[in-house]
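Novice: missing the sequence, but the structure's below:
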């Protein structure tokens, strides 16, 4: 009877501790992801004092590098420049000298067409966003009257994907928090039991059955955490 009572106390204490952790940590975490999602949706940045820059050619922001680059190319084309010249000009304004557009711009200056330059510079390290932008640029290099709208639409699609990814992070923050609590809590309970109960410590750390139980618990703990993380990350956007 005494063992049953101790087991109930441990279970009730564990559930209470998990609930307290969820109530304390969940609101700040959800608030953080919500604010980030809103900043992406509204196209704003965190409030801070902005000092005016001296007059110079604008540079492409690093936060949304690909979408801003496509918008800049579309603006230059609407001003009367060709697609190749607009690409080279916008690539020169990139803040990062190792930007993905630099090798393409160098080939354009040597007289290579944009589609051929993209094929020559295609790298396996490129992200899906860069590959999508390059495919759009390659198709747009064929010509026509809708090149600038096509680039703007590509930038809009990429921004929508970024917003959906942040929306997924907001919606899954509670599940990830619960996963972290449920994986760390058994470890804390195990350490607490080993410190306070010599008999349980002797059983878990000295007997083959106890060691098997600890190994099985750690394996299930790690597997459950990785499985939950993979489920969240595989949600299509």
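Specialist: Received the coordinates, thanks. Quantities reported herein were computed from a predicted structural model and do not represent experimental measurements. Numbers count the residues shown, from 1 in each chain.
Novice: quick one, domains of this structure?
Specialist: Here the domain parsing of the chain from automatic domain parsing is 2-43+164-233, 65-143.
Novice: redo the ones you listed as CSV? Include distance to residue 151, mean pLDDT and mean neighbour count.
Specialist: To be clear about C-beta, it is placed using only N, CA and C from the backbone, and glycine gets the same treatment. What follows is these, written out as CSV (distance: least, Cβ to Cβ, whole Å; pLDDT from 0 to 100; neighbours: other Cβ atoms under 10 Å):
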stretch, distance to residue 151, mean pLDDT, mean neighbour count
domain 2-43+164-233, 18, 76, 13
domain 65-143, 4, 82, 17
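Novice: between the ones you listed, which gets nearest to residue 152?
Specialist: domain 65-143 (4.8 Å; Cβ to Cβ).
Novice: that older thread, tell me which of the domains of the chain sits nearest to residue 155.
Specialist: domain 65-143 (4.1 Å).
Novice: first-to-last residue distance for that closest one?
Specialist: Domain 65-143 has an end-to-end distance of 24 Å (Cα to Cα, to the nearest Å).
Novice: again with stretch 102-115
Specialist: Start-to-end, stretch 102-115 (Cα to Cα) is 15 Å.
Novice: how about stretch 138-146?
Specialist: 14 Å.
Novice: dump the domains of the chain into CSV; add distance to residue 158 as well.
Specialist: Formatted as CSV, these follow (distance: least, Cβ to Cβ, whole Å):
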stretch, distance to residue 158
domain 2-43+164-233, 11
domain 65-143, 5
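Novice: nearest to residue 149, of those domains?
Specialist: Among these, domain 65-143 comes nearest to residue 149, with 7.7 Å by Cβ to Cβ.
Novice: contacts for stretch 135-146?
Specialist: 70, 73, 83-84, 87, 113-115, 118-119, 147, 150-151, 154 (Cβ atoms under 8 Å, 6 or more residues apart in numbering).
Novice: ok, residue 66 touching residue 128?
Specialist: No - applying Cβ atoms under 8 Å, one finds residue 66 not in contact with residue 128, separated by 10.4 Å.
Novice: next SSE after the helix or strand in which residue 178 is found?
Specialist: Per DSSP states H and E: residue 178 is located in helix 147-196. Counting by DSSP H and E, the element after helix 147-196 in chain order, helix or strand, is helix 198-206.
Novice: how far off centre is the helix holding residue 178?
Specialist: Using Cα atoms, centre = their mean, to the nearest Å, the distance from the centre of helix 147-196 to the centre of the chain it belongs to is 8 Å.
Novice: in helices, which of the contacts of stretch 135-146 fall?
Specialist: Using DSSP state H, the members of those that fall in helices are 70, 73, 83-84, 87, 114-115, 118-119, 147, 150-151, 154.
Novice: would you mind listing the residues in contact with residue 209?
Specialist: For residue 209, the contacting residues are residue 203, by Cβ under 8 Å, 6+ apart.
Novice: let's see 7 Å
Specialist: Neighbour list for residue 209: empty [criterion: Cβ atoms under 7 Å, 6 or more residues apart in numbering].
Novice: distance of it relative to residue 198?
Specialist: 17 Å (Cβ to Cβ, to the nearest Å).
Novice: quick one, the helix holding residue 178 and helix 198-206 angle?
Specialist: 120 degrees (axes from the mean of the first three to the mean of the last three Cα atoms, to 10 degrees).
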